[in-house]
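*Asks:* this is the structure alone, sequence omitted:
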Ligand code: FAD
């Protein structure tokens with residue numbers, strides 16, 4: 001059995017593996033895709049002390065750092081189940097294999113919900129963005145849209161309005177769902193237009209970059225096109241925790257509930273990064289939480305009777 005088994009190989013999982021391995025304990029990482037969301041990212045400019053890097057480069061660096069230690073990396077492995085059995089925790093993989101460990105760190109991350117319209121995938125990282133903290137500054141002085149009028153959409157629009165020249169917020173429904181205080185703030189900004197009851201139908205571009213957005217007015221059925229350079233999609237961040245339903249405490253949105261040590265509601269099981277209740281989902285935060293969960297797991301092990 002492992003001492004620490006990390007499930008997920010993004011920034012959180014890599015940090016957890018390095019911290020655990022440095023305690024000289026048996027450490028394993030099972031990951032569907034080592035590198036995680038970072039693999040889908042182009043420019044990264046907010047990993048402190050690294051002014052600029054690219055996603056694939058960072059993913060390689062994460063793996064190399066983990067490989068400096070005696071860590072059993074099981075890439076292309078998907079966890080489908082988690083169960084506490086006696087003194088151990090068992091993780092079932094899609095292959096049918098069962099991995100046993102004294103402690104487990106869940107770091108399965110999250111994924112942005114996509115609009116599913118033509119052009120969205122084609123222009124991802126070429127004008128279509130999902131994270132205003134990450135990519136907002138890349139659109140300085142340009143025209144952008146935010147899709148979604150929930151808290152994250154309205155927060156993104158307020159944030160972007162301070163950086164870009166103009167923000168169009170597009171909401172599918174007839175009302176914004178964000179907190180009233182955020183709506184009031186948004187409506188007070190001079191460079192924001194809000195369009196309600198509008199279904200985005202297409203992301204348009206010149207082949208290299210986004211140049212606009214098409215939407216249908218759901219009241220009149222009329223089609224419109226807005227010229228712009230950037231589109232931030234804010235219609236939900238989905239934690240990769242479906243396989244955990246019914247095993248440990250999740251929020252209604254599926255985030256794993258953790259305490260300050262990264263501990264979950266299941267004994268011996270810790271969690272870190274975007275799959276948890278941490279309010280901000282960023283690389284530097286995921287790494288910090290991965291380190292926290294590994295130290296939490298180590299503390300748990302030295303206090304438990306399991307040998
Ligand atoms: P993830 O990176 O999502 O990694 C999850 C890991 O778990 C992966 O290895 C995955 O394959 C694996 N996994 C999932 N389910 C299972 C399962 N059932 N079994 C086994 N393994 C599983 N943040 C920044 O700080 N700066 C940026 O500039 C930035 N830009 C971004 C740009 C884009 C396009 C995106 C999508 C995100 C960006 N982010 C950025 C956010 C950042 O990538 C995440 O906050 C960070 O990757 C979270 O790390 P994580 O380890 O928690 O999860």
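*Replies:* It's in. Because the structure is predicted, anything quoted here is derived from the model rather than measured. Numbering: from 1, shown residues only.
*Asks:* shouldn't residue 133 be within a helix?
*Replies:* Yes. Judged by DSSP: H, G, I helix; E, B strand; the rest coil, residue 133 forms part of a helix.
*Asks:* need the per-residue pLDDT for it.
*Replies:* In this prediction, residue 133 carries a pLDDT score of 92.
*Asks:* quick check: it touching residue 282?
*Replies:* Yes. Applying Cβ atoms under 8 Å, one finds residue 133 in contact with residue 282, separated by 6.3 Å. Using the backbone N, CA and C atoms, a C-beta is placed for each residue, glycine as well.
*Asks:* looking at those two, which one has more neighbours?
*Replies:* residue 282 (17 against 12; other Cβ atoms under 10 Å).
*Asks:* got a list of what the more buried one touches?
*Replies:* 46, 133-134 (Cβ atoms under 8 Å, 6 or more residues apart in numbering).
*Asks:* 6 Å instead?
*Replies:* For residue 282, the set of contacting residues under the criterion of Cβ atoms under 6 Å, 6 or more residues apart in numbering is empty.
*Asks:* grab the most central residue of this protein for me.
*Replies:* residue 110 (4.1 Å; Cα atoms, centre = their mean).
*Asks:* what residues are up against that residue?
*Replies:* The neighbours of residue 110, taking Cβ under 6 Å, 6+ apart as the test, are 237-239, 274.
*Asks:* low-confidence ranges, the stretch 201-307 of the chain, go.
*Replies:* Of all residues in the stretch 201-307 of the chain, those with pLDDT under 70 make up the ranges 306-307.
*Asks:* who in it is up against the ligand?
*Replies:* 240, 243, 273-274, 281-284, 286 (Cβ under 6 Å from any ligand atom).
*Asks:* nearest to the ligand, of those?
*Replies:* residue 273 (2.1 Å; Cβ to the nearest ligand atom).
*Asks:* quick check: that closest one touching residue 285?
*Replies:* No. Distance between residue 273 and residue 285: 7.8 Å, which falls outside the contact criterion (Cβ atoms under 6 Å).
*Asks:* in helices only, show me the residues of the stretch 201-307 of the chain next to the ligand.
*Replies:* Of those, the ones assigned to helices by DSSP state H are 283-284, 286.
*Asks:* by neighbours, which of these wins?
*Replies:* Ranked by neighbour count under the definition other Cβ under 10 Å, those are headed by residue 286 with 31 neighbours.
*Asks:* let me see the contact set for that residue.
*Replies:* The contact partners of residue 286, taken as Cβ under 6 Å, 6+ apart, are 11-12, 273.
*Asks:* and if you look at residue 219?
*Replies:* residue 197.
*Asks:* ok, which stretches of the stretch 1-150 of the chain are helices?
*Replies:* Taking DSSP state H, counting those that start in this stretch as the test, the helices found in the stretch 1-150 of the chain are 11-21, 55-67, 132-135.
*Asks:* which strands or helices does the first one pack on?
*Replies:* When you say that, I think you mean helix 11-21. Helix 11-21 sits against strand 2-7, strand 27-31, helix 55-67, helix 283-303, with contacts defined as 3 or more Cβ pairs under 6 Å, 6 or more residues apart in numbering; DSSP states H and E.
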